[in-house]
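**Q** For reference, the sequence and a predicted model appear below.
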Amino acid sequence: MFLLFGLAIAAAQGSPSPVPNPAATQPSAPAQGGGLPQPTLGSIHGTVVSSEGAVYEGVHVTLAETGADGAVMPDRTDITDSDGEFTFAGVPAGSFRLTLATEGFATKTIGGVLAGGESYDAHEIVLPVAEMTSEVRVSASTVEIAEEQLHIEEQQRVLGVIPNFYVTYDHNPAPLTTKQKYALAWKSNVDPFTWLITGAFAGVEQADNTFAGYGQGAQGYAKRYGANFADNFIGTEIGGAILPSLFKQDPRYFYKGTGTVRARALYAIANAVICKGDNGRWQVNYSGILGAMAAGGISNIYYPASDRSGAALTFENAGLGIAGSAAANLFQEFVIKKLTPKARKSAAGTP
């Protein structure tokens, strides 16, 4: 066995082209104990050069082998020397693949079949220089990311109809700019459904003769409609755009979606009085609280004189606004997402 190995090495070093090993043509001596003949090993060698013929030193050459019996051998690696040469000795017969790679040059792969005991000469392998490429990395700005997320939110509608713009299902959304806050408030105020629901509330108040000072008939309905629309418009603009811009707060509800029912319920209720700042930190929701109070105070201007109660009406409306926000948040946390076809699924796979 050692004699055959030595002959294979000598053949690899002394011959520039494939030379059959004489020992390979002779029948192998049976192993002691009557076993089968041992396989004859060969070698693979070659030189790596440039297209101009210059030798390349330091090229990584990987040999992948599949034996004649179909067995896949572990990969082997050699590095070309100062003459650009590489050698793999003790290679069993079978198919093989050589992969040549080094920094700055294109990777090249060649294959062949090695006979038993053969000294395979891969000759000069030309390794071309890699094509120069200019890689441009484009990173979206925070404003652009927020704009894309806002576009997604503006497609959210409960049952495909009712606007659900002021909730984000992304766990880490980009903060909105002042312009984006005003745009979101305006889109919510002028949405066709807003006009329809305002009309419905005005109709209920008309039927119950709420704010009797408005009277009945078309004129009374128009006044109730205008008051309802003004309440919603002013509240949205002040609480969703003006104050959030001044206090640098985010007017959206950040969907939690994970944890126990109790934890999620407390989170939803708390979000009526706390919110995330544009810096990502939780803080008192000055925008929502003061916005509700401001809207309540302004409503004293157009409510019937008999239904105005000054500060009492202001605080009453503010309290109702905060309670309404808490109730709305509970629906957002447990119900609304399931009814919103285009609600964005978070990366964590929230329910």
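**A** Perfect, I can see it now.
**Q** which stretches of the chain have low pLDDT?
**A** Where the chain drops to pLDDT under 70, the residues are 1-39, 131-140, 308-314, 317-318, 344-351.
**Q** quick one, domains of it?
**A** 2-21+42-126, 142-339 (automatic domain parsing).
**Q** Gly296 touches Tyr303, doesn't it?
**A** No - judged on CB atoms under 8 Å, Gly296 makes no contact with Tyr303 at a distance of 10.0 Å. C-beta coordinates here come from the backbone N, C-alpha and C atoms, glycine included.
**Q** Please enumerate residues in contact with stretch 277-287?
**A** 175-176, 239-240, 243-244, 246-251, 271-276 (CB atoms under 8 Å, 6 or more residues apart in numbering).
**Q** Strands of this protein, residue ranges please.
**A** Ranges of strands in the chain, per DSSP state E, are 42-49, 60-67, 76-79, 85-91, 94-101, 108-114, 119-126, 157-158, 162-163, 167-168, 253-254, 274-276, 282-284.
**Q** now these as TSV including mean neighbour count and distance to Gly319?
**A** TSV is the format used below for the strands of the chain (neighbours: other CB atoms under 10 Å; distance: least, CB to CB, whole Å):
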stretch	mean neighbour count	distance to Gly319
strand 42-49	22	82
strand 60-67	18	74
strand 76-79	14	75
strand 85-91	18	83
strand 94-101	18	71
strand 108-114	14	75
strand 119-126	18	83
strand 157-158	18	26
strand 162-163	16	25
strand 167-168	22	23
strand 253-254	21	19
strand 274-276	19	17
strand 282-284	13	16
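**Q** closest to Glu333 out of these?
**A** Nearest to Glu333, of all the strands of the chain, is strand 253-254, at 8.4 Å by CB to CB.
**Q** tell me how far the closest one is from the chain's mean position?
**A** Here strand 253-254 is found 20 Å from its chain centre; the criterion is CA atoms, centre = their mean, to the nearest Å.
**Q** just checking, what packs against that strand?
**A** Using 3 or more CB pairs under 8 Å, 6 or more residues apart in numbering; DSSP states H and E, the elements in contact with strand 253-254 are strand 167-168.
**Q** Sheet-wise, list the partners of the strand it packs on with their directions.
**A** In the sheet, strand 167-168 lines up against strand 253-254 (parallel) (DSSP bridges).
**Q** Not counting its own residues, what contacts the strand it pairs with?
**A** Residues from elsewhere that reach strand 253-254, judged by CB under 8 Å, 6+ apart: Tyr166, Val167, Thr168, His171, Pro173, Asn271, Lys276, Ala328, Asn329, Gln332.
**Q** now with 6 Å?
**A** Strand 253-254 has contacts (CB atoms under 6 Å, 6 or more residues apart in numbering) with Val167, Thr168, Asn329, Gln332.
**Q** Also stretch 170-188?
**A** By CB under 6 Å, 6+ apart, the surrounding residues in contact with stretch 170-188 are 142-143, 145-146, 149-150, 165, 236-237, 240-241, 244-245, 278, 346.
**Q** repeat for stretch 95-113
**A** By CB under 6 Å, 6+ apart, stretch 95-113 touches 59-66, 114, 127-130.
**Q** Pull up the gap between Val48 and Thr77, please.
**A** Applying CB to CB, to the nearest Å, one obtains 14 Å for the distance of Val48 from Thr77.
**Q** for Ile162, same thing?
**A** 64 Å.
**Q** before we move on, what about Tyr225?
**A** Going from Tyr225 to Thr77 by CB to CB gives 81 Å.
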